[in-house]
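> please find the sequence and the predicted model below.
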Amino acid sequence: MIDAPDFSFAALSPLLLVLGAACIGVLVEAFAPRDVRHPVQVGLALTGTVGAFVATLLLAGTREVTAGGALAVDGPTLFLQATIAGLGALSILLFAERSLDPARSAFVVSAAVPAGSPRDRELVTTQRVQTEVYPLALFAIGGMLLFVAANDLLVMFVALEVLSLPLYLISGMARRRRLLSQEAAVKYFLLGAFASAFFLYGLALVYGATGSVRLRDIREAVTAESGGVLMVLGLGLLVVGLLFKASVAPFHSWTPDVYQGAPTPVTAFMAACTKVAAFGAILRLLYVAFGAAEWTWRPLIYAAAIISMIVGAVLGLTQTDLKRMLAYSSVAHAGFLLTGVIGFGAGGDGSGLAATMFYLVTYGLTTLGAFAVLTLVRDGDGEAGHLSQWAGLGARSPLTAAVMSLFLLALAGIPLTAGFTGKFAVFRAAIEQGAWPLAVVALLASAVAAFFYLRVIVLMYFSDPVADGPTVGVPGLPTTIVLAVTATATLALGILPGAVLDLAGRAAIFVG
Amino acid sequence: MNLSYYLVLAAILFTIGAVGVLVRRNAIVVFMCIELMLNAVNLTLITFARSTGTVDGQIIALFVMVVAAAEVVVGLAIIMSIYRTRRSASVDDANLLKY
C-alpha cells in the first residue's frame, strides 16, 4: 500500500490557478463559437495570471515543502512566481492588442496553411483572430511557475518541457513574415530539445552518483562527498541545460534568431518570463543541492558570466535590427545576472540571491516595455525593426521616442532608472564575495553596451527622419496599460527601490 | 555482468546522437538524433536504478518517454509547417535569420 503524498493546495494555488485556466482555455477553444472566443480567452488568461499574482502575495511568508517533497514553496519561489505571473499578465495584454495591426492581431489565423500560398494571402487581411495562443501561453506560464518551485530534478525537467513546448509553437505563429517566424520556431525547437537532452543526461548521472533526484538527498550526498566524478559531470550537464534556457553565452546561439523571428509579443514574453524562470531554477539547483560543492560550479559560472557579458555587449554593437539588438542585450544581462548568482556566496551568506531576484524584476519590466514600444512602430509589412527606420522618430512621435529612451536608459543602467539599482545590487553582492574581477568586467561590458543603447536614442533625436519612414500606431487599451505599468515601474524602481529591495531581501531564504 | 558496460554503451549512444545533431542537415534526422540521446539517457537511468537498488530510475525513464512523445508531436508539427512552405526540411535552407 502506497500512501498518497500530502498536497498543500493553498501553497500550490498560483500554479493550480494558471494551469486550471489553461485547461479551461483548451475547452473554450473546442466548444465556444468563434466570435466569442477572443474576449473569453483573454479574460480567462488574465484571470489566471492576475489570480496567481494575488495568490502569491497572500501566501507571502509561507515556507514549506509539499507534494511529497517535490515542490518547495518558500520566499524565492513566491517572489519569482509573483514576478512571472505579473510579467505574464502584462504579456497576455500585449498578445491581446487588436488595434495596431490592420489585420487585428499579431498571430497567424491558421498556422497550418503554408506561408505564401493563395489561401494564406487571403487570410492575412481577414479580421479573424486566432485564440490558441492564450492557452498555450498559460501552459508556458504554468511551467515557469512550476520550474521555480521544483525541489526535485525530475519535476524540474518536466517543468522545463512544459514551459518550452508551448513557446516553440507560439514563436512560429507570427501573422506577417511567416517564413522568419517558422524558421525561428524550428531553430528554437531543435536547439531547445538538444539542450534538454543534456539536462536529462546530467539528471541521470547525478541520480547514479547520489541515488536520488531530490535536491535535499543530493545535498546530503554532496555534503558527505560520496558523489565523485560522476556527480561533477552530471552537475556540469545540468548547468549547461539551464544556461541554455537563460540564454547565457556560449549557449546563446538561438537567442538572436528566435527573438527576431518570433512575433514581438511572444519575444517580450520569452525575454521577460523565461529569464526569470531559468534563473530561479539555476539558483535553487546550485544553492540548495550543490551548495556544499561550490568549488565545482563556481569557476564554470564565473567563466559563463564573463563570456556572456562580453559576447552580448560586443555583438550587440554590430546589430542593425532592434529586436536582434535587444536579444544580444538579453545575453549581456544574463551575464550580469550570473554576477549576482556568484554573489550569493558559499552557504548563502551573501546578498546575491536578493540582488538577483531584484534584478530579474527590473530587467523583466524594462525589456517587456521595450518590446511593447517596438510593436508600435510599423511600416506596410508589419513592425519596422531596422535601426535606420527609427531615425528622427523623436520629431515625429515625441512620446513614443521618450518612452523608448527611458527603457533603453534603464537597460543601459543609467542612474534614476530601475536598471541602475539592479546592476548596483548585483555588482555589490559580487564584490562582497570577493569576485571583484567579475565586477570590473561587468562595468566595462556595461559601458560598451551603453553605447548601442545610446546610439538608438541619438538616432531617434538627432537624425533627420527618413522620407518613407514608418508610422507610429496608436496603441489600444492593452498596450497602453503595459507601457504605463512598465514605464512607471522602471522609474519607480530607480528612484524609490527600497520597498521591493526590502521585500527581495526578506524573501531570500531557500527552504531545503 | 558488469553494469558499467551498459553505462559505456549509453555514453557512446549519447555521443553519437550529439554528434549527429551537430553534423546532420535534415531537420528530421537531427530530431532523430535527439531522440537517440534521450534513449541513451533512459538506458543510463535503468542501469543506475539497478545499481543503486532504487526504483526511481525506472519511473523517471517512463516520464522521459512521455515527454519525448509530447516533444515529437510539437516538433514534427513545426518541421511539417516549414516543410510545406519551403519543400525542404534542410536546416541549411532555413537561413533567413543570421548575424
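Yep, it's here.

> show me how far stretch A:140-154 is from its chain's centre.
On the basis of Cα atoms, centre = their mean, to the nearest Å, stretch A:140-154 is displaced by 14 Å from the centre of the chain it belongs to.

> what of stretch A:117-137?
The chain centre lies 25 Å from the centre of stretch A:117-137; the measure is Cα atoms, centre = their mean.

> how far does it stretch from start to finish?
Using Cα to Cα, to the nearest Å, the end-to-end distance of stretch A:117-137 comes to 27 Å.

> tell me the mean pLDDT for that stretch?
Mean pLDDT, stretch A:117-137: 87.

> identify each buried residue in that stretch, please.
Neighbour counts over stretch A:117-137 (16 or more other Cβ atoms under 10 Å in any protein chain shown) mark A:120, A:123-124, A:129-137 as buried. Every C-beta, even on glycine, is put in place using the N, C-alpha and C of the backbone.

> name the nearest residue to A:Asn151, ignoring sequence neighbours.
Spatial nearest neighbour of A:Asn151, excluding adjacent residues (Cβ to Cβ, 6 or more residues apart in numbering or on different chains): A:Ala72 at 3.9 Å.

> burial count for that neighbour?
Residues lying near A:Ala72 (other Cβ atoms under 10 Å in any protein chain shown) number 26.

> now do the SS call for it.
Here A:Ala72 is strand, with the state taken from DSSP: H, G, I helix; E, B strand; the rest coil.

> that one touches A:Phe147, doesn't it?
No - in this structure A:Ala72 lies outside contact range of A:Phe147 using Cβ atoms under 8 Å: 12.0 Å.

> and the longest helix seen in chain B, how far out from the chain's middle?
The residue-count maximum for a helix in chain B (DSSP state H) belongs to helix B:56-86. From the chain centre to the centre of helix B:56-86 is a distance of 9 Å (Cα atoms, centre = their mean).

> buried ones in it, by neighbour count?
Across helix B:56-86, burial judged by 16+ other Cβ under 10 Å covers B:56-57, B:60-61, B:63-64, B:67-68, B:71, B:74-75, B:77-79, B:81-83, B:85-86.

> ditto for stretch A:100-109
Under the neighbour-count criterion of 16+ other Cβ under 10 Å, stretch A:100-109 has A:100-101, A:103-109 buried.

> grab the CA positions of it and hand them over as PDB.
C-alpha atoms of stretch A:100-109 as PDB (Å, rounded to 0.1, in the frame of the first residue of the first chain):
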ATOM      1  CA  LEU A 100      -2.200  48.100 -34.100                       C
ATOM      2  CA  ASP A 101      -2.200  45.700 -36.900                       C
ATOM      3  CA  PRO A 102      -4.800  46.400 -39.700                       C
ATOM      4  CA  ALA A 103      -5.500  42.600 -39.600                       C
ATOM      5  CA  ARG A 104      -6.300  43.000 -35.900                       C
ATOM      6  CA  SER A 105      -3.800  40.500 -34.400                       C
ATOM      7  CA  ALA A 106      -0.100  39.700 -34.300                       C
ATOM      8  CA  PHE A 107      -0.800  36.000 -34.700                       C
ATOM      9  CA  VAL A 108      -1.500  33.900 -37.800                       C
ATOM     10  CA  VAL A 109      -5.100  32.900 -38.400                       C
END
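
> what average pLDDT does it get?
Mean pLDDT, stretch A:100-109: 82.

> do stretch A:54-70 and chain B come into contact?
No - between stretch A:54-70 and chain B, judged by Cβ under 8 Å from any Cβ of the partner chain, nothing touches; the nearest distance is 11.9 Å.

> using JSON lines, lay out the buried residues of stretch A:117-137 together with distance to chain B.
As requested, the buried residues of stretch A:117-137 are exported to JSON lines (distance: Cβ to the nearest Cβ, whole Å):
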{"residue": "A:Asp120", "distance to chain B": "9"}
{"residue": "A:Leu123", "distance to chain B": "14"}
{"residue": "A:Val124", "distance to chain B": "14"}
{"residue": "A:Val129", "distance to chain B": "19"}
{"residue": "A:Gln130", "distance to chain B": "14"}
{"residue": "A:Thr131", "distance to chain B": "18"}
{"residue": "A:Glu132", "distance to chain B": "12"}
{"residue": "A:Val133", "distance to chain B": "14"}
{"residue": "A:Tyr134", "distance to chain B": "17"}
{"residue": "A:Pro135", "distance to chain B": "14"}
{"residue": "A:Leu136", "distance to chain B": "10"}
{"residue": "A:Ala137", "distance to chain B": "15"}
